[in-house]
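# Sequence unavailable; structure follows:
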């Protein structure tokens, strides 16, 4: 099984994580990696960073590589997103749905950290 260049996560699983976050946040995958600074797109990026950090225990440079941002942007996103989680119930529900879907689809792979173990 091939892994992505930036991390020890399969390309298949990384693609699925990105697709799920984009779908749940109603943004395109190209917007996720683009230059847009529109709030819904920025929050979707933060959401992706949060999932990669808390589910897969990825480092800031690894997340920066995946998201095509620098590590300081990742730090800012990871700092800001918990407030968004507290303020917007939508993200809490989306987070639970994504965790469940990933658990179901990738049950054959070694178990990553669970969000509940991190929080």
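Perfect, I can see it now. Predicted, not measured: the structure shown is a model, and the values here were computed from it.
# contacting residues for the most centrally placed residue in the chain?
Centroid-nearest residue in the chain, with CA atoms, centre = their mean: residue 48, separated by 2.2 Å. Residue 48 makes contacts with 17-18, 21, 32, 66-67, as judged by CB atoms under 8 Å, 6 or more residues apart in numbering. Using the backbone N, CA and C atoms, a C-beta is placed for each residue, glycine as well.
# do the same with residue 106
So residue 106 contacts 13, 16 (CB under 8 Å, 6+ apart).
# mind checking the backbone torsions on it?
Torsion angles at residue 106 (phi, psi; degrees, to the nearest 10) stand at phi -120, psi 40.
# sorry, back to before: buried ones among the contacts of residue 48?
17-18, 21, 32, 66-67 (16 or more other CB atoms under 10 Å).
# what ranges do the helices span in this structure?
With helices called from DSSP state H, the chain shows them at 11-25, 29-33, 39-56, 60-67, 71-87, 89-105, 115-118.
# how about these in TSV, adding mean pLDDT?
What follows is these, written out as TSV (pLDDT from 0 to 100):
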stretch	mean pLDDT
helix 11-25	91
helix 29-33	93
helix 39-56	94
helix 60-67	92
helix 71-87	94
helix 89-105	90
helix 115-118	48
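# so which of those helices is the most packed in?
helix 39-56 (a mean of 21; mean count of other CB atoms under 10 Å).
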